[in-house]
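Participant: Here's a sequence, model it:
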Amino acid sequence: MNQETKNIILATCLSILVVLGWETFYAGPQLEKERQRLAQMHARDASGAQTTGQAGNSSNRTGSGVPVQTSEQEPKKTRADALAESPRIKLDAPAIYGSIALKGARLDDVVLKHYRETVDPHSPDIVLLSPASSSHPYYVEGGFITDPNATLVLPGPETLWQADHDVLTETAPLTLTYDNGQGLVFHRKIAVDDRYMFTVTDSVENKSGQPVTLHPYAFVKRHGKPVSAGYSILHEGFVGVIGDSGVQQIRYEKIEKEDRGTKSFSGSGGWIGLTDKYWAAAVIPDQANPVEASFSGVIGAAPIYQSGFVDSDAKTVAPGTTSEFTSRVFAGAKETDTLDRYQANFGIKKFDLLIDWGWFYFITKPMFRLLHLIYGFVGNFGVAILIITVVFKTLFFPLANRSYRAMAKMKLIQPQILALRDRFPDDKHKQQMEVMALYKREKINPLSGCLPVLIQIPVFFALYKTLVLTIEMRQAPFFGWIKDLSQPDPTNVFSLFGLIPYDPTQIPVFGPYLAIGAWPLIMGITMFLQMKVNPEPADPVQKQVFTWMPVLFTFTLGTFASGLVIYWSWNNILSVIQQTTIMKRAGVKIELWDNLTGIFRKKATTTT
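Facilitator: The predicted model follows:
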């Protein structure tokens, strides 16, 4: 066994140990914690049990920074009971419904009309925002702060506003009014569009004899860490773009590493908020105004996360005048076209980056656009994936053709390479020099065979990212048992595809690797066939490594999104067809059948 073979075996073993160690000591326990926490949260919602938590009922409204609400111990309530605590104005828009709390004028009740929790059409609608005293507080608040020494009475979380009518719709904006009794009358006009954008216009009428200096602010606040989707390539937590700082992202659990649990930045324009995998809430200042923005978190048994801004420039309202301040609130699904439209129509800086396209933005988003374009014609994202695979195979055919021709030539000169190894059995350097000279004479680039794999890497990554992060892929069906291309294949070969009432994935340590459905099995078989089309390595150990590699990939990719596994399977099939066609035209014998039968054929042994 030569050193190269030993290195391959060692690298393979170490890779398997790393994967198993990660799953056993980190990913597995983390997943179990998330499951337990989710179960407790659902149980608490169902029973309406009284638990102790933190709710923001008062706030520090002095200074120039974003107001940070202090915490008070308050028993948690069911969502219905929490909604009943305040008089409300009904919200009924084309894409969302819920209510506006007159107490505090908070946006704390938003439900999405067109998205459900599961593929079951009768499952509950997605609830995005909830009141502060509910089990899962998540809300948006806006208002004013003043100079530290001022004694003004400003509207706050306990302020009861008056409304001009009972329902907020797309065609009927709502106007709230509050008189502070000191000569200031506050008006808040709230309008909602056909999707998820609220336009909030605050006006302050100064009937007193003194000028008033105010700083508008707005923030998104969340109590308790939400259940994460668990994808390392997907950002969930604090997110925003303020001024020229570029997109800022911090995960919920990382905020405590910032100084005093706060990360601050400033600039003109942009947006800031909190994001989940598919949903988000963000506050958007006037794009012309400079703001001070921050992410902040109070970590503990009941963590609180806040993302917001305050206008840097003080706004002075002279006696007998009225000043107006406009901001916006996004609360809804991260639909690509919707975010692009908001970015274009309202001039919001990089609002499309509310979707975590990642470092390879220039590949991932065009991939989604092309996939969505094809979907518009065929009406099925699974079929669109099959078509886009053919498209890329066609585009890269010249490179693949060159690569497979090089592999065909490699096959033809295998006898000469074996002869050189027999000629210089103890001189590895001489072997390599002679082989390289042979490649040069025959005009063969030994690295060109890697081109098909290298070409697939960016396509594979872009498609993986698209399947994981875009809401358009959520609950998108294919055919048969695949009801959601963004989720793993729901079948399992170890339970005979559901015939045995047993879940093998619950087995400790190795359970997560036993999630092998029908499509991962198809992927493994097609990958095995592709391996057998290629010339087999002369070294027997390397031959075994390449033989078992499809098995390893089958178990590794079993929990990946089914759309990605379907892509990989179809790509393997096309590669086998393409490669056999090219090799046949090059006059090279296709040994697929011989390689397959050779696995089971009893090899003859000779004795010296």
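Participant: Could you list every helix and strand that the longest helix belonging to the chain packs against?
Facilitator: Counting residues, the longest helix in the chain under DSSP state H turns out to be helix 562-585. Secondary-structure packing of helix 562-585 (3 or more C-beta pairs under 8 Å, 6 or more residues apart in numbering; DSSP states H and E): helix 381-395, helix 397-412, helix 451-469, helix 518-533. No exception for glycine: its C-beta is placed from N, CA and C like everyone else's.
Participant: Buried deepest among those, which one?
Facilitator: Highest mean neighbour count among the helices and strands packed on helix 562-585 (mean count of other C-beta atoms under 10 Å): helix 518-533, with a mean of 21.
Participant: and the angle from that helix to helix 451-469?
Facilitator: Interaxial angle, helix 518-533 versus helix 451-469 (axes from the mean of the first three to the mean of the last three C-alpha atoms, to 10 degrees): 170 degrees.
Participant: How far off centre is the helix or strand just after helix 518-533?
Facilitator: Following helix 518-533 in sequence order, the next helix or strand is helix 540-556 (DSSP states H and E). Chain-centre distance of helix 540-556: 31 Å, with C-alpha atoms, centre = their mean, to the nearest Å.
Participant: switch to numbering from 556
Facilitator: Yes, from this point I'll number from 556; that puts the last item at helix 1095-1111.
Participant: And helix 1095-1111, what does it pack against?
Facilitator: helix 558-577, helix 1073-1088.
Participant: hmm, back to that, over the longest helix of the chain, what's the mean pLDDT, rounded is fine.
Facilitator: Averaged across helix 1117-1140, the pLDDT comes to 84.
Participant: Buried residues, that helix. List them.
Facilitator: 1117-1131, 1133-1134, 1137-1138 (16 or more other C-beta atoms under 10 Å).
Participant: Repeat that for stretch 702-716.
Facilitator: Here stretch 702-716 shows 707, 709-712, 714, 716 as buried, counting by 16+ other C-beta under 10 Å.
Participant: Out of those residues, flag the one nearest to Gln1061.
Facilitator: Pro712 (45.0 Å; C-beta to C-beta).
Participant: Now for the residue nearest to that closest one when sequence neighbours are not counted: which residues touch it?
Facilitator: Closest residue in space to Pro712, ignoring its immediate chain neighbours: Gly659 at 4.2 Å, by C-beta to C-beta, 6 or more residues apart in numbering. Gly659 makes contacts with 641, 696, 711-714, as judged by C-beta atoms under 8 Å, 6 or more residues apart in numbering.
Participant: With Arg743 as the reference, measure out to Gly659.
Facilitator: Separation of Gly659 from Arg743 (C-beta to C-beta, to the nearest Å): 11 Å.
Participant: and if you look at Pro686?
Facilitator: Taking C-beta to C-beta, one finds Pro686 at 18 Å from Arg743.
Participant: who has more neighbours, these two?
Facilitator: It is Pro686, of Pro686 and Arg743, that has more neighbours when counted by other C-beta atoms under 10 Å, with 27 against 21.
Participant: wait, isn't Tyr694 in contact with Ser685?
Facilitator: Yes - the pair Tyr694 / Ser685 is scored as a contact, 7.1 Å apart, by C-beta atoms under 8 Å.
Participant: Which neighbours do those two have in common?
Facilitator: Asp663.
Participant: between the two, who's got more neighbours?
Facilitator: Tyr694 (26 against 22).
Participant: Can you give me the pLDDT of the more buried one?
Facilitator: Confidence for Tyr694, expressed as pLDDT, is 96.
Participant: Tell me which strands the helix or strand containing Lys744 pairs with, and in which orientation.
Facilitator: Taking DSSP H and E as the definition, Lys744 sits inside strand 739-747. Within its sheet, strand 739-747 is paired with strand 729-734 (antiparallel), strand 752-761 (antiparallel), according to DSSP bridges.
Participant: from those, which stretch is densest packed?
Facilitator: Of those, strand 752-761 is the most buried (mean count of other C-beta under 10 Å), at a mean of 20.
Participant: ok, then the element right after that strand?
Facilitator: strand 767-778.
Participant: Name the residues of that next one that are buried.
Facilitator: For strand 767-778, the neighbour count (16+ other C-beta under 10 Å) marks 767, 769-778 as buried.
Participant: If Val865 is in a bridge, with which residues?
Facilitator: Tyr772, Glu847.
Participant: check contacts around the closest residue to Asp757 other than its chain neighbours.
Facilitator: Counting by C-beta to C-beta, 6+ apart, Asp757 lies nearest to Phe880, which is 4.7 Å off, once chain neighbours are set aside. Residues near Phe880 by C-beta under 8 Å, 6+ apart: 756-759, 771, 841, 866, 870.
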